[in-house]
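>>> Dropping a prediction and its sequence here:
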Amino acid sequence: MIVEFTLNHEPTRAEASPDEPLAMFLRRLGMKSVKVGCDEGCCGTCTVILDGLAVYTCLLTAGSVHGRSVRTVESLGDFKNPHPLQALLVEEGAVQCGFCIPGLILSAVAAVEAKPDLSDAELFANCDGNLCRCTGYEKIQNALVRYRDLAREAAS
């Protein structure tokens with residue numbers, strides 16, 4: 001089947017098998033930030049933003065994005081020009097192995113874009129599905145709060 005969708009703000013057209021997992025489809029298209037961890041929707045490493053919502057790509061097929069908009073970490077920033085949340089995670093010492101970071105970033109970005117005035121509890125709840133085995137969560141939460149506060153200031 002041919003899947004036509006917007007990938008990181010660019011019109012995209014690619015062939016996929018009807019049952020191809022979205023995670024594998026996106027990786028095949030070069031989106032290396034999309035990781036597969038549990039393959040059961042439990043760890044969050046495969047998270048992307050689909051039409052403004054954070055979703056697990058291991059639970060969706062490639063065909064499910066036809067006519068829709070997908071954003072991966074590749075759309076946010078890079079080493080030379082990091083997204084504010086990427087920079088804050090580094091500043092807080094919240095990045096170790098980095099496997100969980102793309103999904104965590106996208107979960108937080110989707111939540112804050114939808115509602116910049118999230119409470120700490122709401123922000124953390126939106127990122128609950130992203131498991132980190134390395135850092136614990138205090139440094140991650142510090143970066144998330146700082147990011148939300150920056151977004152809140154920019155929105156006002």
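That came through, no problem.
>>> going forward, measure contacts and count neighbours with C-alpha atoms only.
Noted.
>>> quick one: contacts of the longest helix seen in the chain?
For the chain, the longest helix by residue count, based on DSSP state H, is helix 138-155. For helix 138-155, contacts defined as Cα atoms under 8 Å, 6 or more residues apart in numbering pick out 84-85, 88-89, 91-94, 108, 112, 116-118, 120, 123-124.
>>> Show me which of those residues is closest to Cys132.
Checking the contacts of helix 138-155 against Cys132 with Cα to Cα, the nearest one is Ala94 at 9.9 Å.
>>> which SSE is that closest one in?
Using DSSP states H and E, Ala94 sits in no helix or strand.
>>> got it, and Glu4?
Under the criterion of DSSP H and E, Glu4 resides in strand 2-7.
>>> any idea which helix or strand comes after that strand?
strand 10-15.
>>> so how far is that following strand off the chain centroid?
Relative to its parent chain, strand 10-15 has a centroid offset of 20 Å by Cα atoms, centre = their mean, to the nearest Å.
>>> right, and the helix or strand after it?
helix 22-28.
>>> Just the C-alpha atoms of that next one, please, in PDB.
C-alpha atoms of helix 22-28 as PDB (Å, rounded to 0.1, in the frame of the first residue of the first chain):
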ATOM      1  CA  LEU A  22       4.600   2.300  12.400                       C
ATOM      2  CA  ALA A  23       7.900   2.200  14.400                       C
ATOM      3  CA  MET A  24       9.600   0.100  11.700                       C
ATOM      4  CA  PHE A  25       8.100   2.100   8.900                       C
ATOM      5  CA  LEU A  26       9.400   5.400  10.400                       C
ATOM      6  CA  ARG A  27      12.900   3.900  11.000                       C
ATOM      7  CA  ARG A  28      13.000   2.600   7.400                       C
END
